[in-house]
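Trainee: Need a 3D model of the following:
(2 chains)
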Amino acid sequence: GDSVTQMEGPVTLSEEAFLTINCTYTATGYPSLFWYVQYPGEGLQLLLKATKADDKGSNKGFEATYRKETTSFHLEKGSVQVSDSAVYFCALSDLGGGTSYGKLTFGQGTILTVHP
Amino acid sequence: DAGVTQSPTHLIKTRGQQVTLRCSPKSGHDTVSWYQQALGQGPQFIFQYYEEEERQRGNFPDRFSGHQFPNYSSELNVNALLLGDSALYLCASSWGTSYAFGSGTRLTVV
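Mentor: Modelled structure (predicted):
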């Protein structure tokens, strides 16, 4: 079945450092790929997504490129801020056989802590 | 525009009891999915409802059941609670490729 693997965490960085969180996936067909962020005590917020190979999703300085050849969707940010401290989840979904998303399959999450 | 709302936000139940969690979807969304997120883990898909029927189901026992109402709101029911059912339960609503999560219900089983 579908699966998502994220890099081992947690990740601790100083403010303005470069961030990479690795994500690889296994799926049949052509899934859409997502990064979600979860702040303490809150639900999941969509950070960015990509729906086909070579698409680049971007938002709030974060970027990720859908690499079909390496089945990867690594998250990057050039200069992190203290406010970026949160848990980041990589996820995939198929279209459930139609034009709407079926289930989302998540990775285990990566805790990011950014120090001033 | 109200997003996905879940109730209650927290609750504590005793092992063996039954619990019902509720979810109101985002305006314009017609599909509801439920996820279980254990502490320190990623969310796990429980099931998805569309047109008042279960459309997809994850690897959860029959103790987990759900319902969707004509106004698209949904309930998640868990019977014979186990200590291992303690988790954050997330509801997500969707329409096409628009997908939104609620803040969750924190269930503690003692």
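Trainee: Which single residue of chain B approaches chain A most closely?
Mentor: B:Gly42 (3.5 Å; C-beta to the nearest C-beta). Where C-beta positions appear, they are placed from N, C-alpha and C, glycine not excepted.
Trainee: State the number of residues packed around the residue in chain A that chain B sits nearest to.
Mentor: As assessed by C-beta to the nearest C-beta, chain B sits closest to A:Phe106 within chain A, at 3.5 Å. If you count neighbours by other C-beta atoms under 10 Å in any protein chain shown, A:Phe106 ends up with 24.
Trainee: Now do the SS call for A:Glu42.
Mentor: Put simply, A:Glu42 is coil when judged by DSSP: H, G, I helix; E, B strand; the rest coil.
Trainee: Would you mark the buried spots in stretch A:50-67?
Mentor: Neighbour-count burial for stretch A:50-67, with 16 or more other C-beta atoms under 10 Å in any protein chain shown as criterion, is recorded at A:50, A:57, A:62-67.
Trainee: Taking those residues, tell me the two that lie furthest apart.
Mentor: A:Phe62 and A:Arg67 (16.2 Å; C-beta to C-beta).
Trainee: partner residues bridging the residue nearest to the residue of chain B closest to chain A when sequence neighbours are not counted?
Mentor: The shortest distance from B:Gly42 to any non-neighbouring residue, by C-beta to C-beta, 6 or more residues apart in numbering or on different chains, is to A:Phe106 (3.5 Å). Per DSSP bridges, the residues bridged to A:Phe106 are A:Ala91.
Trainee: For A:Phe106, give me its contacts.
Mentor: The contact partners of A:Phe106, taken as C-beta atoms under 8 Å, 6 or more residues apart in numbering or on different chains, are A:4, A:36, A:89-91, B:42-44.
Trainee: hang on, the earlier thing: ok, the residue of chain A closest to chain B to B:Arg55 distance?
Mentor: 19 Å (C-beta to C-beta, to the nearest Å).
Trainee: quick one, what contacts the closest residue to A:Val4 other than its chain neighbours?
Mentor: Spatial nearest neighbour of A:Val4, chain neighbours left out: A:Gly107 (4.0 Å); criterion: C-beta to C-beta, 6+ apart. For A:Gly107, the contacting residues are A:4-6, A:23, A:89-91, B:42, by C-beta under 8 Å, 6+ apart.
Trainee: Make JSON lines out of the contacts of A:Phe106 and add pLDDT.
Mentor: Listed next are the contacts of A:Phe106 as JSON lines, based on pLDDT from 0 to 100:
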{"residue": "A:Val4", "pLDDT": "96"}
{"residue": "A:Tyr36", "pLDDT": "96"}
{"residue": "A:Phe89", "pLDDT": "97"}
{"residue": "A:Cys90", "pLDDT": "97"}
{"residue": "A:Ala91", "pLDDT": "95"}
{"residue": "B:Gly42", "pLDDT": "94"}
{"residue": "B:Pro43", "pLDDT": "96"}
{"residue": "B:Gln44", "pLDDT": "97"}
